[in-house]
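Asker: Got a predicted structure plus its sequence, pasted below:
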Amino acid sequence: MKLIRAKNYKDMSRKAANFLSAQVILKDNSVLGLATGGTAEGIYEQLVEWYRKGDIDFSEVSTVNLDEYVGLDAKNERSYQYFMNHHLFQHINISEKNYHLPDGKAEDIEEECRRYDRLIEKLGGIDMQLLGLGENGHIGFNEPGEAFEQMTHCIQLKEDTIQANARYFSSKDEVPKQAITMGVKAIMQARAIVLCASGARKADILKRVLFGPVTPEVPGSILQMHPRLIVIADAEAMGE
Ligand code: GLP
């Protein structure tokens, strides 16, 4: 594990963007695994800035996102597809056929999960996976207690996740109760993982993820076993 201390959110974002851009510079047709959430916003902002300066070219890059809420599509501002379009895809030269998220509106959710696994396999696997961290230790939407062996699947969101994510909706009742997420097994198959955390509210869980016992009760703790894990956290997140 490589642990990188950042001064603050902006510094964390720059450092993480550096790893992603280095990946793309070294391999122009990289497959990037992407994440949503407040942690990722600054990273995408930085990548867009470097793209505009002419420092990164996304024309050959493919991306696969970790997750999507069941029932929301790109037109819904709370969907992860909307988030990605808004923060990254519409600002860079990535081709529409090259970015992917699970389809939260798919008629057959089970089949959609299998399609997503086949897609990642067809792309040749993920070169670098960006991850944020849920306050309960979830990665993607893999909630505490789920088996580590899962590929893409549909999950019921835990009450504390619904509560934590309610800040992105007008009320808690609007937060979908289910999501499609890449499983822990699928995440662990990425060739490199960049885990980011910022702010005091992540301090306790970050300590448990990195230094506590490896247990499905703390889904992110499995990352301790990954051969190429890069952790970038700011001073507040490293507070513990
Ligand atoms: C959501 C996403 C995760 C993300 C987490 C943290 O639940 N499914 O992929 O890492 O929230 O979000 P934030 O970065 O906003 O704290």
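Answerer: Thanks, I have the structure now.

Asker: Only C-alpha atoms from now on, for both contacts and neighbour counts.
Answerer: OK.

Asker: what sits up against the worst-scoring helix or strand of the chain on mean pLDDT?
Answerer: When each helix and strand of the chain is scored by mean pLDDT, DSSP states H and E, helix 159-165 comes last, with a mean of 92. For helix 159-165, contacts defined as Cα atoms under 8 Å, 6 or more residues apart in numbering pick out 134, 135, 136, 172, 175, 176, 177.

Asker: Among these, name the ones that also lie close to the ligand.
Answerer: Among the contacts of helix 159-165, the ones lying near the ligand by Cα under 6 Å from any ligand atom are residue 134.

Asker: related to what we said a few turns ago, alpha carbons of the least confident helix or strand of the chain, as PDB, please.
Answerer: Output in PDB follows, covering the C-alpha atoms of helix 159-165 (Å, rounded to 0.1, in the frame of the first residue of the first chain):
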ATOM      1  CA  GLU A 159     -30.300   3.100   6.200                       C
ATOM      2  CA  ASP A 160     -27.100   5.000   7.000                       C
ATOM      3  CA  THR A 161     -26.100   5.200   3.300                       C
ATOM      4  CA  ILE A 162     -29.600   6.500   2.400                       C
ATOM      5  CA  GLN A 163     -29.100   9.100   5.200                       C
ATOM      6  CA  ALA A 164     -25.600  10.000   4.100                       C
ATOM      7  CA  ASN A 165     -26.600  10.400   0.400                       C
END
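
Asker: contacts for stretch 191-198?
Answerer: 8-9, 12, 16, 19, 39, 125-133, 206, 226-237.

Asker: actually stretch 41-57, not the one I typed
Answerer: So stretch 41-57 is contacted by 9-10, 13-14, 16-17, 21, 24-25, 28, 87-88, 91-93 (Cα under 8 Å, 6+ apart).

Asker: for it, which positions count as buried?
Answerer: 41, 42, 43, 44, 45, 46, 47, 48, 50, 51, 56, 57 (16 or more other Cα atoms under 10 Å).

Asker: quick one: that stretch to chain centroid distance?
Answerer: Computed by Cα atoms, centre = their mean, to the nearest Å, the chain-centroid distance of stretch 41-57 equals 18 Å.

Asker: now it: mean pLDDT?
Answerer: Stretch 41-57 carries an average pLDDT of 98.

Asker: Over to stretch 202-213?
Answerer: pLDDT averaged over stretch 202-213 gives 98.
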